[in-house]
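[1] model the structure of this input:
(chains A, B, C and D, ligands or ions: 2)
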Number of protein chains: 2
Amino acid sequence: MNKINKKTEYALMALKYFSDNTQGPVLVSAKDLAEKTHTPFDVIARVLQALSSRGILKAEYGVSGGYQLVKNLEDITVYDLMNILESSTELAKCLGSETSCELSSTCTIVSPITNLNHRVQNFYKSISLAEVLHV
Amino acid sequence: MNKINKKTEYALMALKYFSDNTQGPVLVSAKDLAEKTHTPFDVIARVLQALSSRGILKAEYGVSGGYQLVKNLEDITVYDLMNILESSTELAKCLGSETSCELSSTCTIVSPITNLNHRVQNFYKSISLAEVLHV
DNA sequence: TTAAATACGATTAATTTTGACGTATATACA
DNA sequence: TGTATATACGTCAAAATTAATCGTATTTAA
Ligand code: FES
Ligand code: FES
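    Ligands and ions are numbered 1, 2, ... in the order given. Okay, here's the model as predicted:
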């Protein structure tokens, strides 16, 4: 289906909000972001946690806590984001995990798929979030 | 999830079989291809029908019938194949169909997603099946 | 006439994605 | 020091999508 999932979409919305509102308060809570982006709280909360654990956001606990953008969008690629939020960035199930192609020895297109997979990943690695969001 | 679906995978297998066996008989039946590629008959049969309806294969009815490759793999792009066999080639549900982004006016990333979508599609349009399969 | 092949509508099964619930932990502030 | 508010995360259920199957019609060589 070649689609990015909702989590990646929500992440783009959140990051766009951060980069569009550099004047306002630095810390923005998950609740606020859910409202601003019209996304379900539970889901975007998870997304923010994931971005935080990967050093893109910084989390502040407590009453007036929230998240802060701490990485430059120029330095994050679309591939990075997918890697954090998609269940898998591989073009086929067999790639990447322990269920290796070589084991299922009947497959006739291991090397074509592997090759295409690399090309797609390199493509996504070549695009920064700054490029995507500042259009 | 960014994955190609099984139908696209099976199509690659079938097309690879055709292009690897230019010496043998020109017509190959769905049954044969299912055996050669170790794929479920019903599914690959549908795939072959789809490729046939789009002018990539030519179908021959009857007892000694089957399919024949009638298009040059150089002239088919990965995008073409996805367009034939994937439920959608768009990066987000809202793109392309009648459920337009503009209608769901709360979305904050319509133009970024649209832009990224074009880039991805152009990327897939730039790769031919010959390039993919002859590695 | 019959067997073997394509064509396709409809349905079911399997998998993946999305969202929700419950609870633990941390911190500012009254 | 208690309370409200915020992040963190394990688990589960619902929804959507993908994959596979069943049944039947049509075409044609032998
Ligand atoms: S088993 Fe990996 S491409 Fe087929
Ligand atoms: S509605 Fe189309 S990208 Fe959000």
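
[2] only C-alpha atoms from now on, for both contacts and neighbour counts.
    OK.

[3] got the contact list for A:Y17?
    Going by Cα atoms under 8 Å, 6 or more residues apart in numbering or on different chains, A:Y17 touches A:L33.

[4] could you pull out the helices for chain A?
    For chain A, the helices defined by DSSP state H occupy A:6-20, A:30-37, A:41-53, A:78-85, A:110-125, A:129-133.

[5] mind putting those helices in a markdown table, mean pLDDT and distance to B:K16 included?
    Below are the helices of chain A laid out as a markdown table (pLDDT from 0 to 100; distance: least, Cα to Cα, whole Å):
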| stretch | mean pLDDT | distance to B:K16 |
| --- | --- | --- |
| helix A:6-20 | 97 | 34 |
| helix A:30-37 | 96 | 45 |
| helix A:41-53 | 98 | 40 |
| helix A:78-85 | 97 | 29 |
| helix A:110-125 | 96 | 10 |
| helix A:129-133 | 97 | 36 |
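
[6] I'd like those as CSV, with distance to B:S87 appended.
    Formatted as CSV, the helices of chain A follow (distance: least, Cα to Cα, whole Å):
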stretch, distance to B:S87
helix A:6-20, 18
helix A:30-37, 28
helix A:41-53, 25
helix A:78-85, 21
helix A:110-125, 19
helix A:129-133, 25
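
[7] so which of those helices is nearest ligand 1?
    Minimum separation from ligand 1 across the helices of chain A (Cα to the nearest ligand atom) falls at helix A:110-125, 3.9 Å.

[8] ok, residues contacting stretch A:124-135?
    Outside stretch A:124-135, the residues touching it (Cα under 8 Å, 6+ apart) are A:12, A:16, A:73-80, B:109, B:111-113, B:115-116.

[9] show me what contacts the residue sitting nearest the centre point of chain A?
    With distances taken as Cα atoms, centre = their mean, A:L81 lies nearest the centre of chain A, 2.5 Å away. Taking Cα under 8 Å, 6+ apart as the criterion, A:L81 is in contact with A:T8.

[10] how far away is it from B:P40?
    Here the criterion is Cα to Cα, to the nearest Å. By it, A:L81 lies 35 Å from B:P40.

[11] list buried residues within the contacts of stretch A:124-135.
    By neighbour count, with 16 or more other Cα atoms under 10 Å in any protein chain shown, these hold A:L12, A:K16, A:L73, A:I76, A:T77, A:V78, A:Y79, A:D80, B:I109, B:P112, B:I113, B:L116 as buried.
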